[in-house]
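Participant: I'd like to go over a predicted model; first the sequence, then the structure.
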Amino acid sequence: MKRYEFYRNQKITVIDCRYFSFEAENLETAVQKIKDLCADGQLDELSNDPTYQEDAAYQIPGTEYPLDIENNNGDPTVMIYSAADGTCITDNLPISTGITQTKNILMNETMNLHEYYRNHKDAINASIMDIACDLAVGRLLNAHDAPFETFVEADDPDDPDSGTHYKEEYQKEYDTYYDKEYARVAKLMKFDYCQDDGVAASPEDTNT
């Protein structure tokens, strides 16, 4: 028997979270500008504002879902190619279109959130911790308007490769920011590491 190689391309959706700011005369003006751009379907134009600043951006783990054909203008969302020459040999459009349908369990079955979180609980928790860490650093820098180096010191002053840790006067402040950001992201994802399946019983039940 000879082995034949293929590859699969699949469109997915994911929640892309971005923290941003821009200058305006007041909060009401800023909010109205966002609403107007959203109503016109032109929110991306906001980044053209000369005062626009993107403070943090990340994709929320656990929110990746396959895109279905109906929400892709009737075009295929799964395509199988020959690895030898890159030829598309089939896709997931229904047979009635003249193209063989590619069966995909992720598209034909409803993903069970409890099962997904249970199977990936540690990985999801680690991702939230990384996100909370980045956001906490951002809040620390913004609060003091100072570079990162201001807040850390070497583990071993005589060894430049020894790593760093937060200075005593900033450690508690960083920890506070971290705890708040972890709780906020976990609440958004309805995640609770203390639950057996990782799913929060209610929006408030999000414990580290």
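Facilitator: Now that the structure is in, tell me what you want to look at.
Participant: Leaving out sequence neighbours, find the closest residue to T51.
Facilitator: Leaving aside its sequence neighbours, T51 sits nearest to E23 (CB to CB, 6 or more residues apart in numbering; 3.8 Å). In short, each C-beta sits where N, CA and C put it, glycine included.
Participant: same thing with D91?
Facilitator: Nearest residue to D91 in three dimensions, chain neighbours excluded: P76, at 3.5 Å (CB to CB, 6+ apart).
Participant: quick revisit: the residue nearest to T51: neighbour count?
Facilitator: Look at E23: counted by other CB atoms under 10 Å, it has 11 neighbours.
Participant: That one reaches Q53, doesn't it?
Facilitator: No: E23 is not in contact with Q53 according to CB atoms under 8 Å; the separation is 9.1 Å.
Participant: what number of residues lie near M1?
Facilitator: 3.
Participant: Apologies, that question was intended for G41.
Facilitator: Neighbour count for G41, taken as other CB under 10 Å: 8.
Participant: and P50, what is it in contact with?
Facilitator: By CB atoms under 8 Å, 6 or more residues apart in numbering, the contact list for P50 is empty.
Participant: Secondary structure class of it, three-state.
Facilitator: Here P50 is coil, with the state taken from DSSP: H, G, I helix; E, B strand; the rest coil.
Participant: In space, not sequence, find me the middle residue of this structure.
Facilitator: The centre of the chain sits closest to Q59, judged by CA atoms, centre = their mean, with a distance of 1.3 Å.
Participant: Can you tell me how far it is from E25?
Facilitator: Per CB to CB, to the nearest Å, Q59 is found 33 Å from E25.
Participant: same deal with K190?
Facilitator: Separation of K190 from E25 (CB to CB): 37 Å.
Participant: Can you verify the residue nearest to D91 is assigned to a strand?
Facilitator: No: under three-state DSSP, P76 sits outside any strand and is assigned coil.
Participant: where exactly do the strands run in the chain?
Facilitator: Shown for the chain, the strands assigned by DSSP state E span residues 6-10, 12-13, 16-21, 53-59, 65-66, 78-82, 88-91, 152-154, 164-166.
Participant: Check which helices and strands the fifth one is in contact with.
Facilitator: Contact partners of strand 65-66 among helices and strands, from 3 or more CB pairs under 8 Å, 6 or more residues apart in numbering; DSSP states H and E: strand 12-13, helix 105-108.
Participant: just the longest one next, same as before
Facilitator: Contacts of strand 53-59 with other secondary structure elements, assessed using 3+ CB pairs under 8 Å, 6+ apart, are made with strand 16-21, helix 121-144.
Participant: mean pLDDT for the ones you listed: which is lowest?
Facilitator: Lowest mean pLDDT within those: strand 16-21, a mean of 82.
Participant: That one: which residues count as buried?
Facilitator: By 16 or more other CB atoms under 10 Å, strand 16-21 has no buried positions at all.
Participant: Now L67: phi and psi?
Facilitator: Dihedral pair for L67: phi -90, psi 130, per degrees, to the nearest 10.
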